[in-house]
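[1] quick check, what structure comes out for this input:
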Amino acid sequence: MLAGLKKLYYSEFGEDLSDFQAEEILSYFIKTLGPSVYNQEIADARAFLTRKLEDLDGAFFVNVIGARNVMRSAVELDIKKVVHTRPQCVRSHYDHDFDVEDVPRAPGIWQYGLSKMLSYEICRIYSRVYGIQTVF
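    All right, here's what the predicted structure looks like:
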């Protein structure tokens, strides 16, 4: 970083900086700008997490509550067959390195995958309890 500062100073002012001078300038900028940069990073992180929490609400409502509403409606309207996009649709592929035929469900840790897994469980339970053929 010091080498870059010395190079910039020379290209802008045509003078060389000693290592001591470059360290002092860098130290000054870190002390002066550091707190505001840190505070901006905190604000950015807070905004990011707020958006993620909003995404969680949306994913939960669309996938989990939506699946429940569809299956409840199927029961009320005596619909015997439902198509549901299960969590495998979230991943682009499965890893078949170990010749496993029945790949276990693994939604990951992100909220969309988890909400898809919950919606799958709701459909599976309704299918078993009410005899609805559910295509996953």
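[2] can we go C-alpha only for contacts and neighbour counts from here?
    OK.
[3] tell me the first helix or strand C-terminal of the helix or strand bottoming out on mean pLDDT in the chain.
    Using mean pLDDT, DSSP states H and E, helix 19-59 stands out as the lowest-scoring helix or strand of the chain, at a mean of 80. The helix or strand immediately downstream of helix 19-59 is helix 66-76, counting by DSSP states H and E.
[4] what packs against that next one?
    helix 111-130 (3 or more C-alpha pairs under 8 Å, 6 or more residues apart in numbering; DSSP states H and E).
[5] now the helix it packs on: buried residues?
    For helix 111-130, the neighbour count (16 or more other C-alpha atoms under 10 Å) marks 111-124, 126-127 as buried.
[6] which positions in the host helix or strand of Tyr10 come out as buried?
    Using DSSP H and E, Tyr10 falls within helix 2-13. Along helix 2-13, these residues count as buried under the neighbour rule (16+ other C-alpha under 10 Å): 2, 5-6.
[7] tell me the mean pLDDT for it?
    Across helix 2-13, the average pLDDT comes to 92.
[8] can you tell me what sits against that helix?
    15-19, 22-23, 26 (C-alpha atoms under 8 Å, 6 or more residues apart in numbering).
[9] at 7 Å what do you get?
    15-17, 22-23 (C-alpha atoms under 7 Å, 6 or more residues apart in numbering).
[10] select only the buried ones of these in PyMOL?
    The PyMOL command for the buried members of the contacts of helix 2-13 (criterion: 16+ other C-alpha under 10 Å) is given here:
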select buried, resi 17+22+23
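[11] got CSV for the contacts of helix 2-13, with distance to Ala47 too?
    Formatted as CSV, the contacts of helix 2-13 follow (distance: C-alpha to C-alpha, whole Å):
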residue, distance to Ala47
Glu15, 43
Asp16, 42
Leu17, 40
Ala22, 35
Glu23, 34
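[12] now, among the contacts of helix 2-13, which is nearest to Arg68?
    Here the nearest of the contacts of helix 2-13 to Arg68, counting by C-alpha to C-alpha, is Glu23; it sits at 62.8 Å.
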